[in-house]
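Q: Would you be able to build a 3D model of this:
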Amino acid sequence: MLRNSSRLPRFTRAPQKAGGFRVTPRDLQILRVVAEHRFIRSEWIARLAGGSYQQVIRRLHLLYHHSYLDRPRAQIDYYHEGGSHSMIYGLASRGAGRLRRDLNMPFERMDWTTRNRHASRLLLEHTVLLSDFMATQLIEGGGERKRFVNAEDLDLRADPRKSGPIRWSYSNCGGRRMTLIPDKVFAFDEKDQNGKVTRSHYLVEADRGTMPIKRSNPRQTSIMQKLHGYHLLSRVLHRLPPRTFVVIVSASPQRLANIVAEIRKAALPSSLFKMAHPEGMELPDPAE
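A: Numbers count the residues shown, from 1 in each chain. Below is the predicted model:
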């Protein structure tokens, strides 16, 4: 049982003060949720794992203090800035080992704890932007007529025998070889009133505002260079499935508006690109 959690240190493990601990099936579910997102806020873990919110928060404290989960130290700055912040968790080496053993999850044998400790604030913010967005999709896709489909269950790889991130390579108009690797890939299967199922694919690009939207030199990396590549793959080379959408996720509405403006200037098809905020999947047509 967890002893008074308010007196436990936030970023230093104290297993003896935390009290005795035994891994439960609920704990394995919590570990699995964290593993699927790498870094994710406690509020999303509680909603995705299910059950009592307070009980999940108590189990998160225990899993951290007994070295199954990490609290990345890059988030310490958030607490120094004041205000209320959800704790961000990552999978620790002990947690990865437990998932390998109990659920046969194919984790690499690496020092996850050290890897998390060295995660920069930039990486943390990028990953949490994605997990904020993806958590809303998982929750939305739990209905009777709308089903969330993970990347692992999609037939999108040119070579099904290859593992790793889903990617596409192509030659652009100048003959230069390019590769696109979305930050996340998922789909929704939606059933209409007649029982017909339509699948929509989503390729997610998280934008924190660090990459230029457009450059004068098209050979240099930019948001628009990526979007032109997706357009080429989808509408010219026809290498993406029907009903595939590229989703730009940003916490900045102004940044999204600027990207939409550049899409219009480039005369790219508005139906291909969608803009989204991490707290919901509001996907207006860029032409609107």
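
Q: only C-alpha atoms for contact and neighbour calcs from this point on.
A: Noted.

Q: Kindly export stretch 172-188 (C-alpha atoms) in CSV.
A: Extracted in CSV, the C-alpha atoms of stretch 172-188 (Å, rounded to 0.1, in the frame of the first residue of the first chain):
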residue,chain,number,x,y,z
ASN,A,172,11.6,14.3,-56.1
CYS,A,173,11.2,16.3,-59.2
GLY,A,174,14.9,17.2,-59.2
GLY,A,175,15.9,13.5,-59.0
ARG,A,176,17.0,13.7,-55.3
ARG,A,177,16.3,10.7,-53.2
MET,A,178,14.1,11.5,-50.2
THR,A,179,12.6,9.6,-47.3
LEU,A,180,9.5,10.4,-45.3
ILE,A,181,9.0,8.9,-41.8
PRO,A,182,5.8,10.1,-40.1
ASP,A,183,5.9,10.6,-36.4
LYS,A,184,2.8,8.4,-35.9
VAL,A,185,0.6,6.3,-38.2
PHE,A,186,-2.9,5.1,-37.4
ALA,A,187,-6.3,4.5,-39.0
PHE,A,188,-10.0,4.7,-38.1
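
Q: Quick one: distance of stretch 257-277 to the chain centre.
A: Centroid separation between stretch 257-277 and its chain, computed with Cα atoms, centre = their mean, to the nearest Å, is 22 Å.

Q: What ranges in the stretch 51-200 of the chain fall below the confidence cut-off?
A: Applying pLDDT under 70 to the stretch 51-200 of the chain picks out residues 78-84, 107-112, 141-142, 158-161.

Q: now with 80?
A: Low-confidence regions of the stretch 51-200 of the chain, defined by pLDDT under 80, span residues 77-85, 105-115, 117-118, 140-144, 157-164, 173-174.

Q: Now do the helices in it.
A: For the stretch 51-200 of the chain, the helices defined by DSSP state H, counting those that start in this stretch occupy 53-65, 76-80, 93-103, 112-117, 121-140.

Q: Please put the alpha-carbon coordinates of the third one into PDB.
A: Right, the one you point to is helix 93-103. Output for helix 93-103, consisting of C-alpha atoms alone and laid out as PDB, is shown next (Å, rounded to 0.1, in the frame of the first residue of the first chain):
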ATOM      1  CA  SER A  93      14.300  -0.700 -17.700                       C
ATOM      2  CA  ARG A  94      12.700  -2.800 -15.000                       C
ATOM      3  CA  GLY A  95       9.200  -2.000 -16.500                       C
ATOM      4  CA  ALA A  96      10.400  -3.000 -20.000                       C
ATOM      5  CA  GLY A  97      11.800  -6.300 -18.700                       C
ATOM      6  CA  ARG A  98       8.500  -7.000 -17.000                       C
ATOM      7  CA  LEU A  99       6.500  -6.400 -20.200                       C
ATOM      8  CA  ARG A 100       8.900  -8.600 -22.100                       C
ATOM      9  CA  ARG A 101       8.400 -11.400 -19.500                       C
ATOM     10  CA  ASP A 102       4.700 -11.200 -18.900                       C
ATOM     11  CA  LEU A 103       3.300  -9.900 -22.200                       C
END
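
Q: In JSON lines: the helices of the stretch 51-200 of the chain, plus distance to Leu268 and mean neighbour count.
A: Written out in JSON lines, the entries for those read as follows (distance: least, Cα to Cα, whole Å; neighbours: other Cα atoms under 10 Å):
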{"stretch": "helix 53-65", "distance to Leu268": "44", "mean neighbour count": "19"}
{"stretch": "helix 76-80", "distance to Leu268": "39", "mean neighbour count": "11"}
{"stretch": "helix 93-103", "distance to Leu268": "43", "mean neighbour count": "18"}
{"stretch": "helix 112-117", "distance to Leu268": "39", "mean neighbour count": "17"}
{"stretch": "helix 121-140", "distance to Leu268": "25", "mean neighbour count": "18"}
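
Q: Ala151: which of these is closest?
A: The closest of those to Ala151 is helix 121-140. By Cα to Cα, the value is 12.0 Å.
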